[in-house]
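Trainee: after the sequence you'll find the predicted model.
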Amino acid sequence: MGKIGDSELIINSDGSVFHLHLRPEELADTVILVGDPGRVDMISSFFESKEFRRQSREFVTVTGQYRGRRLSVLSTGIGTDNIDIVVNELDALANIDFTTREIKKEKKSLRILRIGTSGSIQPDIPVGSFVFSHISIGCDGLLNWYAGRDKVTIKEMEEAFVKWMDWDSRLPVPYFAKASDELIELFRDVTLKGVTISASGFYGPQGRILRLPLAMEGMVERFAAFRFGDYRITNFEMESSALAGLSRQLGHKAGTVCCIIANRPNKDALPDYQPYVEKLVGLSLDILSR
């Protein structure tokens, strides 16, 4: 592949990538992603030093030092569509020469951890728990737009899930993407093993009924009852599948860890969840800085 066109990779006049407004030298090799822009400042308050803070739309970035390790923390906003922007632009910053617009011969593998909040669909996963998404189920269809998606997904589990759910053909074909083995191992002893539904919305796609009925009745209960070997679906969120799938295709090490702030079958919620999230952030920073 030769030079990448101006319309395909948009570089701002200051040499930064289009949406994130970051220059290649400003990105650390370890990146923490959060949904909420306000959480960037909370996480970076743990840093010993900060190089800069930058904001463009919902994308807020701080790069700094924690226990001698350079880290970048970046907000993505909500949804896999934003993850598509973030992961592709992070990869461009790491692996495309912005001067020549050519892909670098030597590829860099970023380590990317998303820290989020989530709702569990199993009664024995209480609020306040930490779940690491070993496998993420993309119900959004994003990865299906990329060639080679079958090389990074779990075909047998996808087929079993589609059959179990009697999946509505009008919905996007679900994909199953595995997190980085390295990150799974780092978080194994301090988190629960998760199989996470990445939903394309907060209400209907997560089985919530306000005024509109669902296309698949009893969807959440059927999700909870699905089994594949020793795997069961544990929780809902809205970003982990695209992060895991795109990162595997691009050669990055990525994963998602979430604080459970609601338990759907028990109808339990944690209104004051901030202290739990801060505990998860501190734990994650310590693990990533080892």
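Mentor: Ah, there it is.

Trainee: list the buried ones in stretch 273-290?
Mentor: 273, 276, 277, 278, 280, 281, 283, 284, 285, 288 (16 or more other C-beta atoms under 10 Å). Every C-beta, even on glycine, is put in place using the N, C-alpha and C of the backbone.

Trainee: which ones are touching residue 220?
Mentor: 121, 206, 207, 264 (C-beta atoms under 8 Å, 6 or more residues apart in numbering).

Trainee: typo on my end, residue 71
Mentor: Contacts of residue 71 (C-beta under 8 Å, 6+ apart): 28, 30, 31, 32, 47, 63, 64, 65, 285, 288, 289.

Trainee: rewinding a little: export the buried residues of stretch 273-290 to a markdown table and tack on secondary structure and distance to residue 74?
Mentor: Shown next, in a markdown table, are the buried residues of stretch 273-290 (DSSP: H, G, I helix; E, B strand; the rest coil; distance: C-beta to C-beta, whole Å):
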| residue | secondary structure | distance to residue 74 |
| --- | --- | --- |
| 273 | coil | 21 |
| 276 | helix | 22 |
| 277 | helix | 17 |
| 278 | helix | 18 |
| 280 | helix | 17 |
| 281 | helix | 14 |
| 283 | helix | 19 |
| 284 | helix | 14 |
| 285 | helix | 15 |
| 288 | helix | 14 |
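
Trainee: name the nearest of these relative to residue 195.
Mentor: The closest of the buried residues of stretch 273-290 to residue 195 turns out to be residue 280 (C-beta to C-beta; 19.0 Å).

Trainee: surely that closest one and residue 114 touch.
Mentor: No. If you go by C-beta atoms under 8 Å, residue 280 and residue 114 don't touch, sitting 11.5 Å apart.

Trainee: what is in contact with the two at once?
Mentor: By C-beta under 8 Å, 6+ apart, the residues touching both residue 280 and residue 114 are residue 257.

Trainee: what is the burial count for residue 138?
Mentor: Residue 138 has 30 neighbours, counted by other C-beta atoms under 10 Å.

Trainee: for the stretch 151-290 of the chain, what are the low-confidence residue spans?
Mentor: Filtered on pLDDT under 70, the stretch 151-290 of the chain yields no residues whatsoever.

Trainee: tell me which element residue 221 falls in.
Mentor: helix 219-225 (DSSP states H and E).

Trainee: next SSE downstream of that helix?
Mentor: strand 227-228.

Trainee: count the residues that sit near residue 51.
Mentor: 15.

Trainee: pretty sure it is touching residue 63, no?
Mentor: Yes. In this structure, residue 51 is within contact of residue 63 by C-beta under 8 Å, at 4.7 Å.

Trainee: what do the two both touch?
Mentor: residue 26.

Trainee: picking up where we left off before, quick one: which of the contacts of residue 220 has the most company?
Mentor: residue 121 leads the contacts of residue 220 on contacts (other C-beta under 10 Å) with 24 neighbours.

Trainee: surely it meets residue 267?
Mentor: No. Contact between residue 121 and residue 267 fails when scored by C-beta under 8 Å: they sit 11.9 Å apart.

Trainee: who touches the most centrally placed residue in the chain in this structure?
Mentor: Per C-alpha atoms, centre = their mean, the C-alpha nearest to the average position across the chain is that of residue 240, at 3.3 Å. By C-beta under 8 Å, 6+ apart, the contact set of residue 240 is 114, 116, 133, 136, 179, 196, 198, 255, 256.

Trainee: got the phi and psi for it?
Mentor: phi -70, psi -30 (degrees, to the nearest 10).

Trainee: and it, how far from residue 143?
Mentor: Relative to residue 143, residue 240 is positioned 12 Å away (C-beta to C-beta, to the nearest Å).

Trainee: export the contacts of residue 240 as CSV, with columns for distance to residue 96 and secondary structure.
Mentor: Formatted as CSV, those follow (distance: C-beta to C-beta, whole Å; DSSP: H, G, I helix; E, B strand; the rest coil):
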residue, distance to residue 96, secondary structure
114, 23, strand
116, 28, strand
133, 28, strand
136, 26, strand
179, 25, coil
196, 30, strand
198, 27, strand
255, 24, strand
256, 25, strand
